[in-house]
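Enquirer: the following comprises the amino acid sequence and a computationally predicted model.
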Amino acid sequence: MDFLTSPEFWLALGQIIIIDILLGGDNAVVIALACRKLPPAQRAKGIIWGTAGAIVLRVVLIAFAMTLLSLPFLKFVGALLLVWIGMKLIAPEEEEALKADSRYTLTGLRALALEGRILPAELGAIAQGKAMLHWHATHRFCAKCGQPSHVAEAGWKRVCDACKAEHFPRTDPVVIMLTVDGERCLLGRSSRFPPGWYSTLAGFVEPGETIEDAVRRETFEEAGIVGGRVTIMANQPWPFPASLMIGAYVEAKSTAIAIDHEELEDCRWFSRDEVRQMLSGTHSEGLGVPAKMSIASHLIRHFVGEG
C-alpha cells in the first residue's frame, strides 16, 4: 500500500480520471445520437444499456492495455508504427504522384472538350457520366434525415436506408446570354478565363424565376445593362458540375456598362467585325472567344452569321 503515499501515483490517477471524463463525454454524445430516434419507452433503456456496455468495454480495454504494457519491445514497435503512419501522410496522393511523373499529363474534362480533343459524338455520354459520378459523390446521405443512402436502379436513384426517401440526380438550369445592341454585342471576361478570352454572360436560374427573367436579371447584375426582349436559341448539358445551359439572346434597352467586379474582370461592347476577328484569331489586341463546342461560341457565331 506504499503507492498510496506516492505523489506520482496520484498524479497518474488524476490524469487517467481527466482523460476518462473527456472520453466519457464522447461516449455520451454517441449514445444520445444512437438513441434519439427510438420510441420514448425504449430510449431510456437504450441509454442505460449503452452506458453499461461502454463501461464494461472500457474495463476490458484497460485490461488489454495493461497486458500490452508487459510485452517486450512495445515502445519500439509503436515507434515503427508511428513512423509508417507519418510516411503515409507525407507520401503524395496518387493524383499528385501522377502529376510528378513526366510520362503523364493530367488534363480536366473541361479543357479536353474546349480544346476539341473529344469527338462531339462522345461528349454527351462523357458529360452524363461525369455528372452522375459527381451526384453520387456528393449525395451519399439523405437530404431529409441525414442517414446514409444506397444506390438503386443502376445508379439512377438513391434510397435512404432509414426513412426510405428516394433521391434522383439533379440538374441546375443556367442561362447563358448574348446581349445585343444593333450591330454590336456585349462580352465579358472572368479572372478564371485564359488571357484575352471574352465570352457571353451567364448565371443560375433562381427558384420561381422564368428563363426570360433570369436572363434579364443576370445581365443587369453583372453588367448593369437593362434587358428587353429575350429569344431562347439553344441548350447544352454542362457537367461542371451538373448544369443545363440555356442559350438566349437579349435585346439591350440601355448601353452604359456597370461591371460587377466580383463576377467579371472586364465587360465591353464589340462590333460584328471585331467579333469576326476574335473568331479568326486576327483581333488587333489578341482577343478571342470560347472554343466551338461551347454554347457561348454557338451564340457568338450565330450573331455574326457563322452559326
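Expert: Now that the structure is in, tell me what you want to look at.
Enquirer: for V151, see how far away I17 is.
Expert: 47 Å (CB to CB, to the nearest Å). To be clear about C-beta, it is placed using only N, CA and C from the backbone, and glycine gets the same treatment.
Enquirer: actually C145, not the one I wrote
Expert: 18 Å.
Enquirer: and stretch 121-139, what's buried?
Expert: Of the residues in stretch 121-139, L123, A127, K130, A131, W135 count as buried by neighbour count, 16 or more other CB atoms under 10 Å.
Enquirer: repeat that for stretch 193-210.
Expert: So, applying 16+ other CB under 10 Å, buried residues of stretch 193-210: F193, W197, Y198, S199, T200, L201, A202, G203, V205.
Enquirer: so who does the last one touch?
Expert: Looking back up the chat, that one is V205. D172, P173, V174, V175, I211, A214, I246 (CB atoms under 8 Å, 6 or more residues apart in numbering).
Enquirer: do that again at 7 Å, thanks
Expert: With contact set as CB atoms under 7 Å, 6 or more residues apart in numbering, V205 has these partners: P173, V174, V175, I211, A214.
Enquirer: just checking, the last one touches V175?
Expert: I take that to be A214. Yes. If you go by CB atoms under 7 Å, A214 and V175 touch, sitting 4.6 Å apart.
Enquirer: those two: who's more crowded?
Expert: V175 (28 against 22; other CB atoms under 10 Å).
Enquirer: give the buried residues for stretch 163-179.
Expert: Of all the residues in stretch 163-179, those buried under the rule 16+ other CB under 10 Å are H167, P169, V174, V175, I176, M177, L178, T179.
Enquirer: how far is that stretch from where the chain is centred?
Expert: In terms of CA atoms, centre = their mean, to the nearest Å, the centre of stretch 163-179 is found 14 Å from the chain centre.
Enquirer: doesn't Q277 belong to a strand?
Expert: No. According to DSSP: H, G, I helix; E, B strand; the rest coil, Q277 belongs to no strand; its state is helix.
Enquirer: what pLDDT is listed against the residue lying closest to it once chain neighbours are set aside?
Expert: Nearest-residue entry for Q277: H283, 4.2 Å, with adjacent residues in sequence omitted and distances by CB to CB, 6 or more residues apart in numbering. Looking at H283, its pLDDT reads 95.
Enquirer: these two touch, right, H283 and R276?
Expert: No. Using CB under 7 Å, H283 makes no contact with R276, being 9.1 Å away.
Enquirer: which one is L299 nearest to, not counting chain neighbours?
Expert: Per CB to CB, 6+ apart, closest to L299 is L178, 4.4 Å.
Enquirer: that neighbour is in contact with F303, isn't it?
Expert: Yes. Counting by CB under 7 Å, L178 touches F303, with 6.0 Å between them.
Enquirer: looking at this protein, which helix or strand is least sure?
Expert: Of all the helices and strands that make up the chain, helix 94-100 has the lowest average by mean pLDDT, DSSP states H and E, namely a mean of 67.
Enquirer: now the helix or strand just after it: mean pLDDT?
Expert: Where DSSP states H and E defines the elements, the next helix or strand beyond helix 94-100 is helix 109-114. The predicted model gives helix 109-114 an average pLDDT of 71.
Enquirer: contacts for helix 109-114, please.
Expert: So helix 109-114 is in contact with I118, L123, I126, K130, F240, P290, A291, M293, S294, going by CB under 7 Å, 6+ apart.
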